[in-house]
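[1] give me a 3D structure for the following:
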Amino acid sequence: MTLPNYLHHAYDNFHRKMPFFGSGLEESLDRIPEADLFRPVGHRTIAQLLEHMLVWRRDLINRLTGQPREKIVVGSPEDWPSGEGKTKADYLAAFAQTKKALQAALAQFDYSTLHDQLHPDYDYTYVDVLEGGFQHDIYHLGQVNLLAALLKAETGRDVG
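    Predicted structure coming up:
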């Protein structure tokens, strides 16, 4: 399998039902009641985790396509938007759109630049960013599922 095919597969896998790492995005969100998206557990909500994932997906798309991008300050409100007023359908649509845009960007990416350093102040390369993109999604999807399980236990509701 070539690297471009592998990366396409990684994003397909993230969205499919029952991937090896647990539940895919759509499968996970399907089990979460709409009202729980904005119920805080500790200092985060499920909506904030989803927003954060989308922020970094869009950043990756901009990196890969050479589009202007704003520096995201880690821990800032731009890094962790609230998602106020969004619905589960909004999130599903945004993730479907960013998956499509990521895969289009991956198809056009110049893979001869894989080991190029992205910025002189940081030691990461395109390899790091390409792999890190879907690793970041999987990491935070695990948190989404953990928060959903905690909310389920708190309310006694069966969410799947």
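[2] for this protein, which segments count as helices?
    Counting by DSSP state H, residue ranges of the helices within the chain are 3-15, 25-30, 46-65, 88-108, 126-155.
[3] quick one: mean pLDDT for the second one?
    In other words, helix 25-30. Along helix 25-30, the predicted confidence averages to a pLDDT of 94.
[4] got a list of contacts for that helix?
    Outside helix 25-30, the residues within contact range by C-beta atoms under 8 Å, 6 or more residues apart in numbering are 14-15, 17-18, 22, 88, 91-92, 95, 137, 141, 144-145, 148, 160. All C-beta spots, glycine's among them, are computed from the backbone N, C-alpha and C.
[5] list the buried residues for it?
    Taking 16 or more other C-beta atoms under 10 Å as the basis for neighbour counts, the residues of helix 25-30 that come out buried are Leu25, Glu27, Ser28, Leu29.
[6] over to stretch 72-80?
    Within stretch 72-80, the residues that qualify as buried by neighbour count (16+ other C-beta under 10 Å) are Trp80.
[7] distance check, Asp12 against Gln143.
    Relative to Gln143, Asp12 is positioned 22 Å away (criterion: C-beta to C-beta, to the nearest Å).
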